[in-house]
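Visitor: I would like the atomic coordinates for the input below:
(chains A and B)
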Number of protein chains: 2
Amino acid sequence: MKDEIPAVGCSFPRFDAWSKVSGAEKYAADVYAPDMLWAGAKRAGMAHGGILAVHTADAESVPGVFSVLTHKDVPGTNRQGIVHKDQPVLAGEKVRHCGEPVALVLAENREALKQALSWIQLDVDPLPGVFDPEEALKPDAPLVHVAGNTLLSAVIRTGDAAKAFSDCDVILEDCFEVPFQEHAFIETENGIAHQNPDGSLVMTVSTQAPFRDRMEIGHALGLDFSSIHIISPYLGGGFGGKDGATVQCLLALAAMNANGRSVKMWWDREESFVAGYKRHAARLYYKLGADADGTLKSLECRLYYDTGAYAHLGGEVLELGMEHAGGPYRIPHVLIQGWSVYTNNPVGGAMRGFGVSQAAFAIEQMMNRLAEKLSMDPLELRLKNALRRGDRNSSGVTLVHSTGIVSCLKTIKQHPLWNNRVDWKARAGCFKRRGVGVCAVFNAIGYGRGLPDSAIAKVELTREGRIRVYCGVSDMGQGNASAFVQIAGEMLRQDTGNLELILPDTERTHPSGSSSAGRTTYTYGNALIRACQQLKEKLIHRASLVLFLDEPVGLTLLPGRIRHLPSGREVSFSTLAAMLPDSDRVAIDQHVMTVASDGNLNASGFILGFPHVLFSYSAHLVGIEIDELTGGVSVLFYLAVTDAGRIINPQGVEQQIHGAVAQGLGYALYEDIRLRDGKILNPSFTNYIIPTSLDVPDIASLTVETVESTGPFGMKGMGEVGMNGPLPVVAGAVLDAVGVWSNRSPITAERILDAL
Amino acid sequence: MKDEIPAVGCSFPRFDAWSKVSGAEKYAADVYAPDMLWAGAKRAGMAHGGILAVHTADAESVPGVFSVLTHKDVPGTNRQGIVHKDQPVLAGEKVRHCGEPVALVLAENREALKQALSWIQLDVDPLPGVFDPEEALKPDAPLVHVAGNTLLSAVIRTGDAAKAFSDCDVILEDCFEVPFQEHAFIETENGIAHQNPDGSLVMTVSTQAPFRDRMEIGHALGLDFSSIHIISPYLGGGFGGKDGATVQCLLALAAMNANGRSVKMWWDREESFVAGYKRHAARLYYKLGADADGTLKSLECRLYYDTGAYAHLGGEVLELGMEHAGGPYRIPHVLIQGWSVYTNNPVGGAMRGFGVSQAAFAIEQMMNRLAEKLSMDPLELRLKNALRRGDRNSSGVTLVHSTGIVSCLKTIKQHPLWNNRVDWKARAGCFKRRGVGVCAVFNAIGYGRGLPDSAIAKVELTREGRIRVYCGVSDMGQGNASAFVQIAGEMLRQDTGNLELILPDTERTHPSGSSSAGRTTYTYGNALIRACQQLKEKLIHRASLVLFLDEPVGLTLLPGRIRHLPSGREVSFSTLAAMLPDSDRVAIDQHVMTVASDGNLNASGFILGFPHVLFSYSAHLVGIEIDELTGGVSVLFYLAVTDAGRIINPQGVEQQIHGAVAQGLGYALYEDIRLRDGKILNPSFTNYIIPTSLDVPDIASLTVETVESTGPFGMKGMGEVGMNGPLPVVAGAVLDAVGVWSNRSPITAERILDAL
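Guide: Residues are numbered from 1 along each chain as shown, chains lettered A, B, ... in the order given. Alright, predicted model coming up:
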């Protein structure tokens, strides 16, 4: 890679491309230590029951076993959870889902560990379980938690939906169901930790939120968070599944009992299925009313999200689902009720599309049916109702920021794939039926009201005269770290050869929140721009002193140096670095994301994360072919048009869209966590099917470049929105192709064949 | 002193008041080290001569003498000087003034030192000397330096002065002379230094420019400036006399030859007279033309400044004199020529009023004579011609900044002391004559074009949760350090009990230029405001994270804590400090003073420091009584009205005015360095007379509060302008009282009696 200044707006290879391809980059899973112990958790294996005893003696006797710990060995609150701290590190009184850890084994090697785990005997008094959120809300349902099974019950009420229905020309009702989805990252949950003689903990972990992890561990294990040092290398995928404690508390507990030795914990694929977080399964009741010309008028929804045994972010995921339940449309009257419900299923958590993917399926299918009912072009129906800047969305928030869904839809309307669709469909082969689908989706950016969406950026002129960016938010593969290098390069006019990157590390970088919510590049990028501006002013000023100029004008940064343009005189960065004391080679600055200033005052039940003010938008177009003999769906073309504000790295955006659409096609067509009594029946990739390269078509990605004036260089986050399109757009295309109505996902060959 | 927030605009006791009054504050002179050596310089004692030999053997044999060094022991260039490096640390080939050091003695005690110095024999071949600047410019004059006796020859030409005189109704010509003036600070030049085993030097020194001192020492002694550590405690007075190397290079040389021991050098009063810098003696030829109504039309001047044996800031002092030669008046046609000339007199250097005090005497006396000639009220004459904002001054600079001389004059015009002056004069007693004088003066602020007038401020939240200001510019008694504490207190809403101050130290604070040119509070204050703003934003942001607010609004800083006003919740500074890593508890920011964007393009000869764009202004009013029998002048009332922009600390401003007027009254009435063949005849306070408390009247100080929008809280520097008024205002009052015309200062009793 030739050194050049990574101009914002141009495609640049990822800063990590070479080191990842060559294997030089070390993920947390790649980190080993000499004389290291292995830790593993004994899982409950049953969905609900009172723990009578955990017999560890046999396990302790296994040669190579270092120790076996139970809840009695947990020194703190023994509770973790991002918002609601309801999840034990090691279960004590009862187990609430099959993946619940009840004992922790430390062993000299993986064989001893495995044997010891299998020799731990659990004495559990089985309790009746509950596995469906609506069932769980019934008065006589078994209680997962003593306070009841409702994690969150909330209402968004705008206008008067019930009354508005009486004026509607057409009213449609339906119910939709989506299953749990697995994150299926390549690098499963893992980390390595040790305790220093002074009691402090050092942990390298695959995490999306290193700074918050300290709070989680500190609270659960009774430690001062400042004594916990978290190092977060690049992640081999995260998608939300590493937002919140996975191995963290268990590993910290292990390290505290390892006599100073390093301990590694690395869940295998099955454990990742069983114990890892999932996209929430949900059931969504919809009632949509419109005028005869297609103008949306009223919406009533009841959304039931199954958060499984513990809260994790179940309340917030529901909130996003409710906030997006009406789609990117103007609907004056809205009554959206939502319940996030405890069951004895696996724990629901954050996942790309965070509650929105479920609701997008429902509202977009309602729009498809409405178009069918009114014999309207589904694209025109969407355009007619699409939110425009200045509108209030169904949460009552005035859209003062960039709002590009109309541009996305118009781009599709003008695209040959859409205009030639009749011809294209007619060219289906024998026993094949073709269909074209379109959808409009959106996704909030940032944490929303209730907690600070904040980042603190640091940039340094190193002693050697290079520019080093201290990245405060994890890069789970989405490329934000590279975007930061690009931003610093642009701001400080440095070429890639002169730029360095420090990955998140609680002792070297600064708290910048989690890598999630489409906020990472937006929030940290804004902070970084400010820090770079500060450093730039500093360096120009210091150079003006060296050059003895009476004012710091006419100076420009160039790679490795500053030039006084009028005279051509230059000062090298290394000269400046040698002159400046350490504290003066650094610039630190912060940013807090803008929050909504209006919004539905009637909304109730929300604690954090409602409402949002900034959204990315996307319209998707798909062409599929269905085999009439098997019901199998082939995706033949796919176009995603995205409004993500101005683009920093077009190549990076395209990669994100490709990844999101691929993951979305898995959600649409294949991925289905099968549960029986809370137990996952298909905890492996042999029967939990994710798309392979053969299943994913060439995906065309276009962007409509609105400018988000609050964003870094006009950008806004777009890692999630692409996930929300594939399921509804494929469902629409299936309807178009064979008239089969899908209200349950995934839309498998079996289901289509059944319907046919 | 009760803790309270030191609000800007209110009088507050100096931050150093108690420690100075109680003796707890340590000046450089108060610093001693165990096992310390004393260093002293052998002075030439003759004004001009070729050095044949320096015999040191006798001195070396004195018991207690550690070593004796000569120019051969100087490892570097052996040249010091702020702009022109022409001054040897130890003279080699020749001596150019009586105070020239030719040898350096290190001894175990002061007695041995004194004896050794007296035993050094100088073998010098006397050369004819030159002691008058005009004489020195003659072709056959003895050469002080081989390149000639002209340090700087410069011209300011605006309009066509010669032609304009032909249109004038009245033309006056005169010549003025002023002698050298002594700074007469309480703490004479001194410092203490040692060399570390790694070769680095540490020096505590009474200096106005610690950061520049490193360059001076480094250049003179061949050291890397970064290996020199200068600590600058409060100064017991400076007034410009400690701007530039005094003991620095000698002391560094001593420390380099002291085998790691500390060395102290402290000039006694006589040495301070003989070797210290002086206000330049000058001869000023004036020709002023005006219309019959008093409108100034044309000015021609020839200014000869005697810079003595070495340059120091002689060129720049002359420049200021020329820039101010026309007074604070509109004069459309100007021809000002100036020469800064080497002689064998003591070295002229920086002193409060920096070249301006001399010229103010001349132009204001010309104004007094013009008023007399035209039978005009001298105040009205000044008002008629006074510069207003938007005018171009006689250097061609458009006055875009605050320009308050009209307000100053109008304040005097309305003051009872002025309005009742006829009555007041009539009340003189027997053999007494009373007179009232008025004058208008101004003084540039900052370095002017050609070099950066820059400061770098640092402010820190300490680990203990207090606010610490790192002061980058020395406080020589003018109170700038206290102003910085006040600014930080105001910006960060901290009370005095929560504020700390670090005095200049090249390893702890950042380069912020010299304490001089009325720039100190202006430039550093501006940088500090920016640094405080940065820290404030940081602390508010970090507090919003602790309080889990979704945006950093509604938060305010209070002493030791931050309060969220809507909820009343607070975060203490100590909590924040404990959370933040070291690099995040600090804010560093910089400021560069604004420079002139226009100005006389015909000006020639200037290198640095011309023109300026920012000035403080002052009108003074004095009432004196002359004893007809002795010629003695008693100052009975004094009013100084000053435009210094907005006032940060009224008490501090008043103190500065009082000090400047007292020093100016000494210049007006008593202070006169008597020279014979370059030798000072009165190197002590027994015959060099400075005013005592009995000689100084109660001084009334008023300010006209213009706002200088580029200054910190609207202020501009005012440490110097008060110095320029007393001599001309007293001269005018003498003229008013007894009709005696003074064109030579000081206006002693003898001179008045002679004239009477």
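
Visitor: CA only for contacts and neighbour counts going forward, please
Guide: Noted.

Visitor: residue numbers of the stretch 201-350 of chain A in contact with chain B?
Guide: Residues of the stretch 201-350 of chain A lying near chain B by C-alpha under 8 Å from any C-alpha of the partner chain: A:S226.

Visitor: give me every residue in chain A lying close to chain B.
Guide: Residues of chain A lying near chain B (C-alpha under 8 Å from any C-alpha): A:226, A:448-454, A:507, A:538, A:541, A:544-545, A:548-552, A:579, A:581, A:583-584, A:588-590, A:592-595.

Visitor: which ones among these lie within helices?
Guide: Of these, the ones assigned to helices by DSSP state H are A:538, A:541, A:544-545, A:579.

Visitor: so which of the residues you listed comes closest to chain B?
Guide: Nearest to chain B among those is A:L545, at 6.4 Å by C-alpha to the nearest C-alpha.

Visitor: measure the closest residue to that closest one other than its chain neighbours to B:P683 for me?
Guide: In space, and not counting its chain neighbours, A:L545 is closest to B:P452: 6.4 Å by C-alpha to C-alpha, 6 or more residues apart in numbering or on different chains. Noted for B:P452: a distance of 37 Å to B:P683, by C-alpha to C-alpha, to the nearest Å.

Visitor: do the same with A:F239
Guide: Counting by C-alpha to C-alpha - A:F239 and B:P683 are separated by 83 Å.

Visitor: those two: who's more crowded?
Guide: A:F239 (26 against 19; other C-alpha atoms under 10 Å in any protein chain shown).

Visitor: does the more buried one really touch A:H183, like I thought?
Guide: Yes: if you go by C-alpha atoms under 8 Å, A:F239 and A:H183 touch, sitting 6.2 Å apart.

Visitor: pLDDT value on the residue in the stretch 101-250 of chain A positioned nearest to chain B, please?
Guide: Nearest residue of the stretch 101-250 of chain A to chain B (C-alpha to the nearest C-alpha) works out as A:S226 at 7.5 Å. On the pLDDT scale, A:S226 is placed at 93.

Visitor: show me what contacts it?
Guide: By C-alpha atoms under 8 Å, 6 or more residues apart in numbering or on different chains, the contact list for A:S226 reads A:214, B:579.

Visitor: would you map the strands across the stretch 501-650 of chain A?
Guide: A:555-558, A:561-564, A:569-572, A:586-592, A:615-627, A:633-643 (DSSP state E, counting those that start in this stretch).

Visitor: swap in the stretch 101-250 of chain A?
Guide: A:101-107, A:121-126, A:150-158, A:170-178, A:190-195, A:201-205, A:228-231.

Visitor: what helices and strands are in contact with the fourth one?
Guide: Strand A:170-178 sits against strand A:281-290, helix A:356-373, with contacts defined as 3 or more C-alpha pairs under 8 Å, 6 or more residues apart in numbering or on different chains; DSSP states H and E.

Visitor: strands paired with the first one, and their directions?
Guide: Put plainly, it is strand A:281-290. Pairing partners of strand A:281-290, with direction, according to DSSP bridges: strand A:170-178 (antiparallel), strand A:296-308 (antiparallel).

Visitor: and the ones you listed as TSV, adding distance to B:K287, mean neighbour count and mean pLDDT?
Guide: Formatted as TSV, these follow (distance: least, C-alpha to C-alpha, whole Å; neighbours: other C-alpha atoms under 10 Å in any protein chain shown; pLDDT from 0 to 100):
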stretch	distance to B:K287	mean neighbour count	mean pLDDT
strand A:170-178	98	18	98
strand A:296-308	90	28	98
